[in-house]
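Peer 1: This is a predicted model, with the sequence first.
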Amino acid sequence: MSSPAWSKITTTLNTGAKMPIFGLGTWQSAPNEVRTAVKAALQAGYRHIDTAQAYGNEAEVGDGIIDSGVPREEIFLTTKIDNMEHKDVAKVVDESLKKLKTDYVDLILMHWPVSIDPVDRENQKVLYKDWNFVDTWREMEKIPSSKVKAIGVSNFGIENLKTLLESAKTVPAVNQCEAHINCPSTALVDFCKSKGIHFTAYSCLGSTGSPLANDKTLKEIAEKHNTSTQKVLLVWNMQRGEGKHISVIPKSVTPSRIEDNLKLDGLELSQEEMDKLNACQDRFKVCNEWLPQLVFRAPGTKASDKGSRDFYDKDSLFERE
Ligand SMILES: NC(=O)c1ccc[n+]([C@@H]2O[C@H](COP(=O)([O-])OP(=O)(O)OC[C@H]3O[C@@H](n4cnc5c(N)ncnc54)[C@H](OP(=O)(O)O)[C@@H]3O)[C@@H](O)[C@H]2O)c1
């Protein structure tokens, strides 16, 4: 791949739809910030916006899209079904469309493979006994394509994907999971690729405050290329995905950063630099165990395994072989 124009590359999903591999994340973008951020991003050239029902900011994302003046059909818009809405998919899709002020979204993801009973909305600790993510997927498969162009999942490890694929009529178009140099999720990325599921990397800067930017190896590489550590992190993901298997959705509410993050066309890492970043020893995961059910399971275990919590160990978090 010579001089990749990362900011303009689109990949083709298993639905045939085109999705830009560079987008804007909006988690923790407060309602009074996200409208400006979305407008700034679209005016700077972003054409992919990621939001979720759980972020509580869909209405402002919709406003930002309108403010930008960019035609809706030029934008790839993703939202996600909240864990407490798994039994009400049709209803919450309509609610999202209303908030986003659009007739359709390009992609809707099941946010987590965890179906939470909304009986305790505040603590979110009660699981449905008669429902799981396979049931939710069946509901998602029924959403009319006039409202949702593609359906996908998020935070699905290999075992959960295998369970889903056993009965799915539609193969998820995307699996959105945490992936950065400290949590490369390589086995999961490879598994998704083998099934034709595009992988979107979230928290690819290390999430709040972009903590990965302090990594010594990363800093050296960024200095050599006279660029920011953030851009090296973004390119590392897109490059290992060969410009098609992995997309990135860095979040920022700071217009100057939003603009700067996009200026990475032509940045290419040597094999030696990729190897150095692949070999980072530090390991951390942003989105950890906060749900009433284990999500990242040790390889070889199934959701149905009794006492699957016992299989939890540090390595399984990173889906390493
Ligand atoms: N599916 C899921 O469960 C899930 C989970 C987590 C995230 N996501 C999605 O993935 C997106 C990205 O992940 P994330 O929000 O966790 O974090 P991230 O994109 O890894 O990092 C965001 C942080 O980096 C800062 N930042 C961005 N560009 C910067 C730059 N050039 N220089 C210095 N700091 C910079 C931002 O600050 P400012 O905003 O203050 O500029 C913010 O604090 C989310 O917003 C969301 O859309 C999905």
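Peer 2: Good, I have the coordinates.

Peer 1: how many other residues sit next to whichever residue of the stretch 1-150 of the chain sits closest to the ligand?
Peer 2: Of all residues in the stretch 1-150 of the chain, G25 sits closest to the ligand, at 2.4 Å by C-beta to the nearest ligand atom. For the C-beta atoms, the positions are set from N, CA and C on the backbone; glycine is no exception. Neighbours of G25 under the rule other C-beta atoms under 10 Å: 27.

Peer 1: Please apply the same query to the one 5 residues further on.
Peer 2: Other residues lying near A30 total 13 when counted by other C-beta under 10 Å.

Peer 1: Tell me the residues on this protein that lie near the ligand, please.
Peer 2: Contact residues, the chain versus the ligand (C-beta under 6 Å from any ligand atom): 25-28, 50, 111, 154-155, 176, 202-210, 228, 230, 249-254, 257, 260-261, 286-287.

Peer 1: quick one: the helices in the stretch 201-321 of the chain?
Peer 2: All helices of the stretch 201-321 of the chain, identified by DSSP state H, counting those that start in this stretch, fall at 216-224, 229-240, 255-262, 271-278, 314-317.

Peer 1: Just the angle for the second one relative to helix 255-262, thanks.
Peer 2: Our comparison of helix 229-240 with helix 255-262, counting by axes from the mean of the first three to the mean of the last three C-alpha atoms, to 10 degrees, yields an angle of 30 degrees.

Peer 1: One more: the first one?
Peer 2: Compare the direction of helix 216-224 with that of helix 255-262 by the same axes, to 10 degrees and you get 90 degrees.

Peer 1: Over to the fourth one?
Peer 2: Computed with the same axes, to 10 degrees, the direction of helix 271-278 lies at 130 degrees from that of helix 255-262.

Peer 1: pLDDT of helix 271-278, averaged?
Peer 2: The pLDDT scores in helix 271-278 average 95.

Peer 1: that older thread, counting only strands, which of the residues of the chain next to the ligand make the cut?
Peer 2: 25, 50, 154, 176, 202 (DSSP state E).

Peer 1: I'd like to know how far the third one sits from T136.
Peer 2: Yep, that's S154 we're talking about. 12 Å (C-beta to C-beta, to the nearest Å).

Peer 1: Likewise for the first one?
Peer 2: The span separating G25 from T136 equals 23 Å under the rule C-beta to C-beta.

Peer 1: repeat for F22
Peer 2: 29 Å.

Peer 1: still on that earlier bit, of all the ones in strands among the residues of the chain next to the ligand, which two lie farthest apart?
Peer 2: Across those, no pair lies farther apart than G25 and S154, at 12.2 Å, counting by C-beta to C-beta.

Peer 1: what do those two both touch?
Peer 2: Residues touching both G25 and S154 (C-beta atoms under 8 Å, 6 or more residues apart in numbering): Y202.

Peer 1: related to what we said a few turns ago, go through the ones in strands among the residues of the chain next to the ligand and say which is closest to K18.
Peer 2: Using C-beta to C-beta, these come closest to K18 at D50, 16.0 Å.

Peer 1: so what's the closest one up against?
Peer 2: Neighbouring residues of D50 by C-beta under 8 Å, 6+ apart: 23-26, 78, 176, 200, 202, 249.
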